[in-house]
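1. the following block contains a protein sequence and its predicted model.
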Amino acid sequence: MSLELVCPAGTPAALRAAIDAGADTVYCGFRDCTNARNYPGLNFDVREMAEGVEYAHRHGRKVLAAVNTFPRAGDPAPWHAAIDNAAAAGIDAVILADLGVLDYAQRRHPELRRHLSVQASASNELSIAFYRDRFDIKRVVLPRVLSVEQVAALVRRIGIETEVFAFGSVGPMSEGRCFLSSYITGLSPTTEGACAPASHVSYRDDGASTLSRLGDVTLNRFRQGEPAAYPTPCKGRYVTHGRATYLFEEPVALNAIDILGDLKAAGVTALKIEGRQRSRAYVTEVVSSFRKAIDALERGSNEAVANKLASVAEGQRETTGAYRKGWR
Amino acid sequence: MTSLSQAKLTLGPLLFHWTPAKRRDFYFRIADEAAVDCVYLGEVVCSKRESFFAPHMQEVVHRLVAAGKQVVRSTLALMTLDREVDEARALAESGALVEANDVACLQQVAGRPHVIGPYINVFNEGAQDVVIRDGATRIVLPVEANADTVRVLAGRSTVETELMVFGRQPLSVAMRCYHARSHDLTKDTCQFVCGQDPDGLAADTIDGVGVLTINGTQTLSNGYLVLLQELAALRRMGVTHFRLSPQDVDMVAVARTYRAVLDGTVSLHEAAEELRGLTGEVPWQNGFLHGREGLAWVERELTPA
């Protein structure tokens, strides 16, 4: 089996661009708090979702719906509606994280395929086995904190499909249970789906350098031309022992394009490209590069696909993250 | 059964890497002197630390049980190694009352009484129903929960509901060790530098404002969560257990202050004065419960539903 290329779509145009560029599967979310990229101007309404599914199916591809935030107590209706609407749109699978949403989807739509979102932070055999046995999930999106060797060991033991991050940001925190952004902004990525919302981001030029702030907290200061990431709390500079450093993570992007052979050998089913909040041009560029790389791998071609993705990578620098030992 | 004086006080798991002797003496004193009903024991943050305290675990458990405290064994919040998973499995099979902090433990504890820790997301009725069906007898709500969430979940729960009311707020767990990084080391070569900071390592903004605290692979708030003026309202909502998270301050005195508020033997003003004396310069925070930034301090009572 060839590695399945799973690509982001924040808009219907991005969905079509991803399909046209060679995505096997596209994932997207509804335009509300039910998905983990709830940013203004992004995502799909019910009709757009159905049209997207129709476009993908016509090309023999698949669409997944991310319903991967955690419902607020007293207000489960939007999440239940998202599941119902995804099913009605003919979606190929839903990507879920919350125990209650998993339970709802399994009871109401037992035939609707369920994937476990990275927001569930299932990083070991027993966690995945719990979700598999309890909610019959068919695929787990693995947290990007595992080495290739750890991924291979999991694949051998869990007996369901795995999807791993191939391109996007390096997430050092256990996802779905990081409260840093809500600690600073009051808005919750967990229940409202927006980490470091743009409404709370500001920049201030002080002549020689630029300060980036989230809420009332200064996250970084950088010179003109210096690579800097979008100001999420885990990408900021902090002072410890009198020294300002990127304490959590450097402004680098995850790019696994050079280790696709290792991931395939590890038994991975699918590669996830991140970036539902990114432009259609980004989607086209990243998807077509990975398409070429996967096809070259299938041909057994030794010729390396030129890696030209640095220009679209966050901070313009790349890493293989936790896949290689020594990261942690 | 909703009277304030019937609420239980618990001591959450010690999150910091104290020396074995300091940790043992701390728990001996808690056993002998602290007005808490329940004590959580175990390493939540980093499995590399676990072996240090293991030789003292049994004597501490015995001392606490002899003092009439309920003892709950807490698991790691993030497990990735086989060894870590095996230890959690052994703990569950030992028959101890376990606080599950990673979903990995849920299959092991299913069908027997257990506590769902604050690192497992129970934000809504659906998730609450799933864990109660599996046998949870107490649910510790996530630190991010606001008053509406607490009101709904504690109000409808058929099991005990616990909420943290004192200490640095746990904000994230990671595979990476930031304490090690701050010393230009890695998790594998860490030299246990986290042990140098018994109340955590300050991580300030580049313009010198306190914001976060590092504790190994865990990130906490710089301030202490202080829910004192909110206790009565939380109790009316149905919260049964209030958690004090150990800091490197006089926790016996902290427990005495909270107990006095619950028992109505001290005014809120006096209790706050007392607690201020115990917590020194550390800022206080309570924003999450009030629906604000978690780092905020809100000087008002919770609004009734």
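-> Received the coordinates, thanks.
2. CA atoms only for the biggest strand by length in chain A, dumped as CSV, please.
-> Looking across chain A with DSSP state E, the single longest strand is strand A:161-169. What follows is strand A:161-169, C-alpha atoms only, in CSV (Å, rounded to 0.1, in the frame of the first residue of the first chain):
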residue,chain,number,x,y,z
GLU,A,161,-4.2,2.3,11.1
THR,A,162,-1.9,5.1,12.1
GLU,A,163,-1.6,8.6,10.7
VAL,A,164,1.5,10.7,11.5
PHE,A,165,2.4,14.4,11.0
ALA,A,166,4.6,14.9,8.0
PHE,A,167,4.6,18.6,7.6
GLY,A,168,3.5,21.5,9.8
SER,A,169,4.5,22.8,13.2
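3. next helix or strand past it?
-> Once the chain leaves strand A:161-169, the next helix or strand it forms, by DSSP states H and E, is helix A:180-185.
4. can you tell me the SS state at A:Thr218?
-> Under DSSP: H, G, I helix; E, B strand; the rest coil, A:Thr218 falls in the strand class.
5. and it, bridged to which residues?
-> A:Arg213 (DSSP bridges).
6. can you confirm whether the longest strand of chain A lies near chain B?
-> No: taking C-beta under 8 Å from any C-beta of the partner chain as the criterion, strand A:161-169 and chain B are apart, separated by no less than 13.7 Å. Quick note: C-beta positions are derived from backbone N, CA and C, even for glycine.
7. how does chain A divide up, domain by domain?
-> If you go by automatic domain parsing, the domain ranges for chain A are A:4-170+A:252-323, A:180-245.
8. what's the average pLDDT for whichever strand or helix holds B:Tyr27?
-> Secondary structure assignment for B:Tyr27, by DSSP H and E: helix B:20-33. Taken as a whole, helix B:20-33 has a mean pLDDT of 98.
9. and for stretch B:179-191?
-> pLDDT averaged over stretch B:179-191 gives 95.
10. any regions of chain B where pLDDT drops low?
-> B:1-2, B:303-305 (pLDDT under 70).
11. could you rerun that using 90?
-> B:1-3, B:79-90, B:92-93, B:95, B:107-108, B:175, B:300-305 (pLDDT under 90).
12. for chain A, what's the nearest residue on it?
-> B:Gly126 (1.8 Å; C-beta to the nearest C-beta).
13. quick one: contacts for that residue?
-> A:Pro71, A:Pro76, A:Asp98, A:Leu99, A:Gly100, A:Val101, A:Asp103, A:Tyr104 (C-beta atoms under 8 Å, 6 or more residues apart in numbering or on different chains).
14. after the helix holding B:Tyr27 comes which helix or strand?
-> strand B:38-41.
15. against which helices or strands is that next one packed?
-> strand B:8-11, helix B:20-33, helix B:50-66, strand B:70-74 (3 or more C-beta pairs under 8 Å, 6 or more residues apart in numbering or on different chains; DSSP states H and E).
16. relative to chain B, which residue of the stretch 151-300 of chain A is the closest?
-> Counting by C-beta to the nearest C-beta, the stretch 151-300 of chain A gets nearest to chain B through A:Tyr183 (3.6 Å).
17. what's near enough to touch the closest residue to that residue other than its chain neighbours?
-> Excluding its sequence neighbours, the residue lying closest to A:Tyr183 (C-beta to C-beta, 6 or more residues apart in numbering or on different chains) is B:Gly294, at 3.6 Å. Neighbour list for B:Gly294: A:179, A:182-184, A:186, B:143-144, B:169, B:171, B:221, B:285, B:287-288 [criterion: C-beta under 8 Å, 6+ apart].
18. over to the residue of chain B closest to chain A: give its phi and psi.
-> In terms of degrees, to the nearest 10, the main-chain angles of B:Gly126 are phi -60, psi -50.
19. among the helices and strands packed on strand B:38-41, show me which one is buried the most.
-> strand B:8-11 (a mean of 22; mean count of other C-beta atoms under 10 Å in any protein chain shown).
20. buried stuff in stretch A:95-115?
-> A:95-106, A:109, A:112-115 (16 or more other C-beta atoms under 10 Å in any protein chain shown).
21. hmm, I was thinking of stretch A:11-26
-> So for stretch A:11-26, counting by 16+ other C-beta under 10 Å, buried means A:11-12, A:14-19, A:21-26.
22. then it to CSV, C-alphas only?
-> Taking C-alpha atoms only, stretch A:11-26 is exported to CSV below (Å, rounded to 0.1, in the frame of the first residue of the first chain):
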residue,chain,number,x,y,z
THR,A,11,-11.8,26.6,2.6
PRO,A,12,-13.6,24.9,-0.3
ALA,A,13,-11.0,26.4,-2.7
ALA,A,14,-8.2,24.8,-0.7
LEU,A,15,-10.1,21.5,-0.8
ARG,A,16,-10.2,21.6,-4.6
ALA,A,17,-6.5,22.7,-4.7
ALA,A,18,-5.5,19.8,-2.5
ILE,A,19,-7.4,17.3,-4.6
ASP,A,20,-6.0,18.7,-7.8
ALA,A,21,-2.4,18.6,-6.4
GLY,A,22,-2.7,15.0,-5.6
ALA,A,23,-4.1,14.6,-2.1
ASP,A,24,-5.6,11.1,-1.4
THR,A,25,-7.7,12.5,1.4
VAL,A,26,-8.6,16.0,2.6
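23. pLDDT at the nearest residue to A:Val67 once chain neighbours are set aside, what is it?
-> Nearest residue to A:Val67 in three dimensions, chain neighbours excluded: A:Ala82, at 4.5 Å (C-beta to C-beta, 6+ apart). With respect to pLDDT, A:Ala82 scores 97.
24. then the one 3 residues further on?
-> The predicted structure scores A:Asn85 at 97 on the pLDDT scale.
25. just A:Thr320 next, same as before
-> 84.
26. who in the stretch 201-328 of chain A is up against chain B?
-> A:211, A:215, A:217-221, A:234, A:236-241, A:244-245, A:247-248, A:322, A:326-328.
27. nearest to B:Arg300, out of the contacts of B:Gly126: which one, please.
-> Using C-beta to C-beta, A:Pro71 is the member of the contacts of B:Gly126 that lies nearest B:Arg300, at 27.5 Å.
28. neighbours around that closest one, how many?
-> 25 (other C-beta atoms under 10 Å in any protein chain shown).
29. what helix or strand is it located in?
-> Going by DSSP H and E, A:Pro71 is not part of any helix or strand.
30. quick one: residues contacting residue 169.
-> You didn't pick a chain, so chain A it is. With C-beta under 8 Å, 6+ apart, A:Ser169 has these contacts: A:Ala229, A:Lys235, A:Ala253, A:Leu254, A:Glu274, A:Glu314.
31. that's the wrong chain, I wanted chain B
-> Applying C-beta under 8 Å, 6+ apart, the residues near B:Gln169 are A:Phe179, A:Tyr183, B:Val143, B:Leu220, B:Ser221, B:Gly223, B:Leu225, B:Gln285, B:Phe288, B:Gly294.
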